[in-house]
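Visitor: Provide a 3D model corresponding to the input given below.
(one chain, ligands or ions: 1)
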Amino acid sequence: MKLSRILSNQNGVSRKQASALIAAGVVTIDGIACREAAREVDRFSTVTCRGNVVQPGEPACYLMLHKPQGYLSATADKVHKTVMELIEPSLHKDLHIAGRLDRASTGLLILTNDGLWSRRLTEPDIKIPKVYRVTTTDEITPDTAKRFAEGIWFEFEQLRTSPAQLELLGAREARITIFEGRYHQIKRMFHAVGNRVTTLHREKMGSINLDDCLAPGASRQLTETEINSV
Ligand code: URA
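Guide: As a prediction, the model looks like this:
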């Protein structure tokens, strides 16, 4: 919401008065004076006017979870256990998943209550790399890397996937980097080249690596550096 709007949402403050207060330099965002009436302010920022709190910033939450197999990437489900069961209940409010993993997939799962931030991480157009280790039923053929680099046609969405990188680690094992996060994307890409994924583990999103210290099922808050990297 614009700064002037936050101020004028206060009883008795008109838009004009809000702009005047902002221009006078008596309005702060997170402790720093802001003279720009049109500045966009999220709900996590604290806004004051002449020292009085106009908007108390809500606490933002950014978590990484080492997702184990068998948990659904959802906040609630009637049948399956969800990843929320692995997160401390006091942190649940407004939490959503920034880039789901299939129930059988494991590895880095990021949860947050900051929708603008998570959109930057997952928006296909922004093309943040997501790195996975994959094992397959059949040997990965020499032309697989080339096919993935050219992009795979997804009939249902009527689109070609962004060029993906494949690094062979063994006959049936590879590291794959994709730049979107479409439904069952990696499984469908291998299916398109006549192979099948048996295990899938996410190692990294952007420059956020799954912490080696986290056992399956464990989580921790992201560091400032990790949050700011997105
Ligand atoms: N692609 C898949 O097919 N599954 C996942 O869980 C993630 C990417």
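Visitor: could you use CA atoms for every contact and neighbour count after this?
Guide: OK.
Visitor: what residues does the chain have near the ligand?
Guide: Residues of the chain lying close to the ligand (C-alpha under 6 Å from any ligand atom) are 101-102, 105, 184-187.
Visitor: can you give me the helices for the chain?
Guide: 3-8, 15-23, 115-122, 144-150, 185-192, 224-228 (DSSP state H).
Visitor: restricting to C-alpha, output the first one in CSV.
Guide: Backbone C-alpha positions of helix 3-8 (Å, rounded to 0.1, in the frame of the first residue of the first chain) are rendered in CSV as follows:
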residue,chain,number,x,y,z
LEU,A,3,2.6,5.4,2.3
SER,A,4,0.1,8.3,1.9
ARG,A,5,-2.7,5.8,2.0
ILE,A,6,-1.5,4.2,5.2
LEU,A,7,-1.4,7.6,6.9
SER,A,8,-4.8,8.7,5.5
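Visitor: outside of stretch 125-134, which residues touch it?
Guide: Contact with stretch 125-134 is made by 120-122, 173-180, 197-206, as judged by C-alpha atoms under 8 Å, 6 or more residues apart in numbering.
Visitor: filter these down to the buried ones.
Guide: Among the contacts of stretch 125-134, those scoring as buried are 121-122, 173-180, 197, 199-206 (criterion: 16 or more other C-alpha atoms under 10 Å).
Visitor: from these, which ones fall inside strands?
Guide: Taking DSSP state E, the ones among the buried ones among the contacts of stretch 125-134 that sit in strands are 173-178, 197, 199-205.
Visitor: residue contacts, the most centrally placed residue in the chain?
Guide: Nearest to the geometric centre of the chain sits Ala98, at 3.1 Å (C-alpha atoms, centre = their mean). Neighbour list for Ala98: 109-112, 118-119, 121-122 [criterion: C-alpha under 8 Å, 6+ apart].
Visitor: domain map for the chain?
Guide: 3-55, 62-224 (automatic domain parsing).
Visitor: among these, where is the model least confident on average?
Guide: Of all the domains of the chain, the minimum mean pLDDT falls on domain 3-55 (a mean of 92).
Visitor: span of it from start to end?
Guide: One end of domain 3-55 sits 10 Å from the other (C-alpha to C-alpha, to the nearest Å).
Visitor: with stretch 30-43 instead?
Guide: In terms of C-alpha to C-alpha, the two terminal residues of stretch 30-43 are separated by 11 Å.
Visitor: buried residues in that stretch?
Guide: In terms of neighbour count (16+ other C-alpha under 10 Å), stretch 30-43 has its buried residues at 33-35, 37, 41.
Visitor: which of these sits closest to Ala74?
Guide: Of all the buried residues of stretch 30-43, the one with the least separation from Ala74 (C-alpha to C-alpha) is Val41, at 28.4 Å.
Visitor: dump the helices of the chain to a markdown table, plus distance to Thr46.
Guide: Below are the helices of the chain laid out as a markdown table (distance: least, C-alpha to C-alpha, whole Å):
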| stretch | distance to Thr46 |
| --- | --- |
| helix 3-8 | 11 |
| helix 15-23 | 15 |
| helix 115-122 | 17 |
| helix 144-150 | 45 |
| helix 185-192 | 39 |
| helix 224-228 | 18 |
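Visitor: tell me which of those helices sits most buried.
Guide: Compared across those, helix 3-8 shows the largest average neighbour count, a mean of 21 (mean count of other C-alpha atoms under 10 Å).
Visitor: taking the contacts of Ala98 together, which two end up most distant?
Guide: So, those by C-alpha to C-alpha: farthest apart are Leu109 and Arg119, at 14.4 Å.
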